[in-house]
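# When you get a sec, could you give me coordinates for this:
(2 chains)
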Amino acid sequence: YFTSFPFQQRIEIHKLRQGDNLILGFSIGGGIDQDPTQNPFSEDKTDKGIYVTRVTEGGPAEVAGLQIGDKIMQVNGWDMTMVTHDQARKRLTKRNEEVVRLLVTRQSLQKAVQQSMMS
Amino acid sequence: KIETLKVTVDFLKVPLGLKKPPLKEVLAAVPGPGRSKSLILERHKSRRSDNMDNESQYSGYSYKSGHSRSSRKHRDRRDRHRSKSRDGSRGDKSVTIQAPGEPLLDNESTRGDERDDNWGETTTVVTGTSEHSLSHDDISRITKDMEDGAHLDCSRHLGVALAGALALVAFLTPVAFMLLPQLLWGDELEPCGAPCEGLFISVAFKLLILLLGSWALFFRRPKAFFPRVFVFRALLMGLVFLLVVSYWLFYGVRVLEPRHGDYRGAVQFAVSLVDALLFVHYLAVVLLELRQLQPQFTLKAVRSADGASRFYNVGHLSIQRAAVWILENYYHDFPVYNPALLNLPKSVLSKKMSGFKVYSLGEENSTTNSTGQPRAVIAAAAARRRDSGHNEFYHEEAEHERRVRKRRARLVVAVEEAFTHIKRLQEEDQKNPREIMDPREAAQAIFASMARAMQKYLRTTKQQPYHTMESILQHLEFCITHDMTPKVCGAFLERYLTAGPTIQYHKERWLAKQWTLVSEEPVTNGLKDGVVFVLRRQDFSLVVTSKEIPFFKLAEEFVDPKSHKFVMRLQSETSV
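Numbering: from 1, shown residues only, chains lettered A, B, ... in the order given. Predicted structure coming up:
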């Protein structure tokens, strides 16, 4: 997708049904009630945003292009930069949604764009 | 007319041994004697105590109480007396506080050696029992160089004499109250048994207590001569005077005239007067002693010559009393003033900036612009020139520092080694008498090995004026006497390695201070926030500023011990 915001990427994940649950295939860490210094993926150690800490192989997230270390900015239009860990989990695992559209940012993206802009 | 009246104030009366003849006029003014007692107002205590020494005024510390006519125990106190001069033209700007004795040798320390050593017992100045100056009595001012004011002394002593007389009268009045009826119409008096005797006893003891209290409060060596009247004392004296006069008035009218047979009334009069006097004494204690105990102001004293500064907390004091307080603390807080340390090394100073001359080679009609320019050019060039001067200064300083450290190391080693040569004689050691030395000889024995290192060190740190060979030997003897462990090297050297306060050095160094108090406000004013006054000596001065201690608002916060709770920091990971 071509987005207006160069540092961000939109990812659309189709949930996979596994038994009674709809899973997305990744793990999240972070939140405003968590300790940001423990986050290995954030550049700024005071960043309390939601980060992708693991992506299961072959899962829907990997297929859609989500990478480990991505910071999730929005989920279906809902802001994820100032939410608690539990609120983030709830927004991602709503039972009546089959598709979640994430707005993510990642550091490699930033650097790539910066390099292309400088060259 | 306002002219700066320099009133010489004797700071401390330090007897100078048998050098000075007593001041005749002072003695003449002294009232007779003795017993002093009373007093509440002793301030100007009579010189009774001094009367005793007809021979010498030098009384002073060494004066023995045996000389006094009355062998009261308070007699052995030498009351150094500080009289306040009653005359005062208001608005004088500067007054002089002078301590009797030698002036400080300011200019060059070497001159101190030429002073005579016959100071004998006197010396040390300072300090009476309490910091708060209550000058008491005593006249004998024996100062070597008292510049002015024999007439001022007279007036001061007059004040003291008045106070002493008043105190004496006040003390004897109750006794007179009780005796007069007996003497004048004793036959008509009814016998007054037990109640009167009880009253007699109470009067006797109260008078004794008054006497003791007055002795404790007022019979003290004055610390300084103040330039102006001490307001509180004058107040108390006036109060006592009024009290005594009114009591005599009533007594005369009510008791002497009617000549009652009721003796008890007269005795009760006496008792009530003694009570009133005791209360005045209490008032004196509160006004003179207690009021300034609670700190209200912080005084900052800075020495103008080298910037040494200290802070002191004082209570409510007048400017002159605060000045005396500062001076007392100056002598043991401030490092000794060493003018030799203040001069820049010669190599730095010799590189003087030569003046720049500006020649105008242009038209004669120069505008103001062009005349202004040369000045700016000169200033800029001079600034550039000055830049090289600090380089020299830095190198000189570093070199000097290194030299001092080297000499100091040599000195420490020499001293340590010297001290290993002697040891204290133990009981079990058997030595023949020729080998046993007393401390003085021991000191002389080991002095030779460290003398050279010591001399070099003192010279490098420019301290040699303050330590004569004799003083070093004495100090060595002192250290040897008191301890023989190597630690004494530390104690021995401590005196020389750091510049101590002025009071530590030989008495000729710091005795006899003549200080001038310069102040924009009248010196009897109380301290206020922002008051500045200067205490001046010949070559440096102490600038004192006062700041009020702020009013503190303390708020209370109660912390429940059970409210201290903690949680672990979270780092969860959830899979979705």
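# make it CA atoms for all contacts and neighbour counts henceforth
Fine.
# tally of neighbours for the residue in the stretch 351-500 of chain B positioned nearest to chain A?
Nearest residue of the stretch 351-500 of chain B to chain A (CA to the nearest CA) works out as residue B:394 at 46.6 Å. As a burial measure, residue B:394 scores 12 neighbours (other CA atoms under 10 Å in any protein chain shown).
# any idea how far it lies from residue B:408?
For residue B:394, the distance to residue B:408 equals 21 Å [CA to CA, to the nearest Å].
# so residue B:214, which of the three states?
The three-state assignment at residue B:214 reads helix, by DSSP: H, G, I helix; E, B strand; the rest coil.
# I'd guessed it sits against residue B:281; true?
Yes: with contacts counted by CA atoms under 8 Å, residue B:214 reaches residue B:281, the gap being 7.5 Å.
# Between these two, which is the more surrounded one?
Set residue B:214 next to residue B:281 and count neighbours by other CA under 10 Å: residue B:214 wins out with 25 against 22.
# State the distance from the more buried one to residue B:206.
12 Å.
# Then residue B:334?
45 Å.
# Residue of chain A closest to chain B, please.
residue A:27 (3.8 Å).
# and that residue, helix, strand or coil?
Per three-state DSSP, residue A:27 ends up strand.
# Show the contacting residues for it.
A:52, A:53, A:54, A:55, B:573, B:574, B:575, B:576 (CA atoms under 8 Å, 6 or more residues apart in numbering or on different chains).
# Show me the helices in the chain, by range?
All of this refers to chain A. Assigned by DSSP state H, chain A shows helices spanning A:60-64, A:85-92, A:107-118.
# The intended chain is chain B.
Using DSSP H, helices in chain B cover B:24-29, B:48-51, B:150-185, B:194-218, B:231-251, B:263-284, B:319-333, B:346-349, B:368-419, B:439-460, B:469-482, B:487-497, B:507-510.
# what pLDDT does the most centrally placed residue in chain A get?
Nearest to the mean C-alpha position of chain A, by CA atoms, centre = their mean, lies residue A:72 at 3.2 Å. pLDDT recorded at residue A:72 is 92.
# And residue B:268, by the same measure?
So, for residue B:268, pLDDT stands at 86.
# how deep is it tucked in, by neighbour count?
Quick note: residue B:268 (other CA under 10 Å) scores 18 neighbours.
# I'd say it and residue B:198 touch.
No: between residue B:268 and residue B:198 there is no contact under CA under 8 Å: 10.7 Å.
# residues shared between the contacts of these two?
By CA under 8 Å, 6+ apart, no residue touches both residue B:268 and residue B:198.
# of the helices of chain A, which approaches residue B:165 most closely?
helix A:85-92 (92.8 Å; CA to CA).
# So that closest one, near chain B or not?
Yes: using CA under 8 Å from any CA of the partner chain, helix A:85-92 comes into contact with chain B via A:85, A:89, A:92.
# what residues are up against the first one?
Counting by CA under 8 Å, 6+ apart, residue A:85 makes contact with A:29, A:30, A:31, A:32, A:33, A:34, A:50, B:572.
# picking that back up, for the residue nearest to the centre of chain A, which residues count as its bridge partners?
With DSSP bridges as the criterion, residue A:72 is bridged to residue A:50, residue A:104.
# Please report how far it lies from residue B:251.
Applying CA to CA to residue A:72 and residue B:251 gives a distance of 104 Å.
# Same question for residue B:563.
73 Å.
# ok, those two, which is more surrounded?
residue B:251 (16 against 7).
# can you give me phi and psi for residue B:334?
phi -90, psi 140 (degrees, to the nearest 10).
# now it: how far from chain A?
Per CA to the nearest CA, to the nearest Å, residue B:334 is found 53 Å from chain A.
# which residues does that residue contact?
B:308, B:309, B:310, B:500, B:501, B:502.
# And residue A:89, by the same measure?
A:28, B:574, B:576.
# among the residues you listed, which ones are buried?
A:28, B:574, B:576 (16 or more other CA atoms under 10 Å in any protein chain shown).
# any chance of these in a markdown table, plus distance to residue B:428?
Listed next are those as a markdown table, based on distance: CA to CA, whole Å:
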| residue | distance to residue B:428 |
| --- | --- |
| A:28 | 87 |
| B:574 | 87 |
| B:576 | 93 |
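# Which single one of those residues is nearest to residue B:338?
Nearest to residue B:338 among the buried ones among the contacts of residue A:89, with distances taken as CA to CA, is residue A:28, at 74.3 Å.
# My guess is that closest one contacts residue A:55. True?
No: using CA under 8 Å, residue A:28 is not in contact with residue A:55, being 9.2 Å away.
# residues near residue A:101, how many?
Residue A:101, neighbours per other CA under 10 Å, totals 16.
# Look at it and report its pLDDT.
Reported pLDDT for residue A:101: 93.
# residues touching it, list them.
Counted by CA under 8 Å, 6+ apart, residue A:101 has contacts A:10, A:11, A:12, A:13, A:74, A:75, A:76, A:77.
# What confidence value was assigned to the closest residue to it other than its chain neighbours?
Sequence neighbours aside, residue A:12 is the residue nearest to residue A:101 in space, at 4.4 Å (criterion: CA to CA, 6 or more residues apart in numbering or on different chains). What the model reports as pLDDT for residue A:12 is 92.
# measure residue A:12 to residue A:68 for me?
16 Å.
# ok, so of the contacts of residue A:101, who is nearest residue B:461?
Among the contacts of residue A:101, and counting by CA to CA, the member closest to residue B:461 is residue A:74, at 75.5 Å.
# My read is that that closest one contacts residue A:103, right?
Yes: counting by CA under 8 Å, residue A:74 touches residue A:103, with 5.0 Å between them.
# hang on, the earlier thing: can you flag the buried ones in the contacts of residue A:85?
A:29, A:30, A:31, A:32, A:33, A:34, A:50, B:572.
# any idea how far residue A:50 is from the first one?
In this case it means residue A:29. From residue A:29 to residue A:50 the distance is 6 Å (CA to CA).
# do the fourth one as well
Applying CA to CA, one obtains 9 Å for the distance of residue A:32 from residue A:50.
# now do the fifth one
Noted for residue A:33: a distance of 11 Å to residue A:50, by CA to CA.
# What separation is there between the residue nearest to residue A:101 and residue A:95?
Counting by CA to CA, the gap from residue A:12 to residue A:95 is 17 Å.
# Neighbour count for these two, which is higher?
Shown here are residue A:12 and residue A:95; by other CA under 10 Å, residue A:12 has more neighbours (19 against 11).
# since we're on the nearest residue to residue B:422 once chain neighbours are set aside, how many residues are nearby?
Excluding the flanking residues, the one nearest residue B:422 by CA to CA, 6+ apart is residue B:442, at 7.3 Å. Neighbour count for residue B:442, taken as other CA under 10 Å: 20.
# show me what contacts residue B:442?
B:422, B:477, B:480.
# From the buried ones among the contacts of residue A:89, which one has the minimum pLDDT?
Comparing those by pLDDT, residue B:576 comes last, at 84.
# Confirm for me that that one is in contact with residue A:29.
No: the pair residue B:576 / residue A:29 is not scored as a contact, 10.8 Å apart, by CA under 8 Å.
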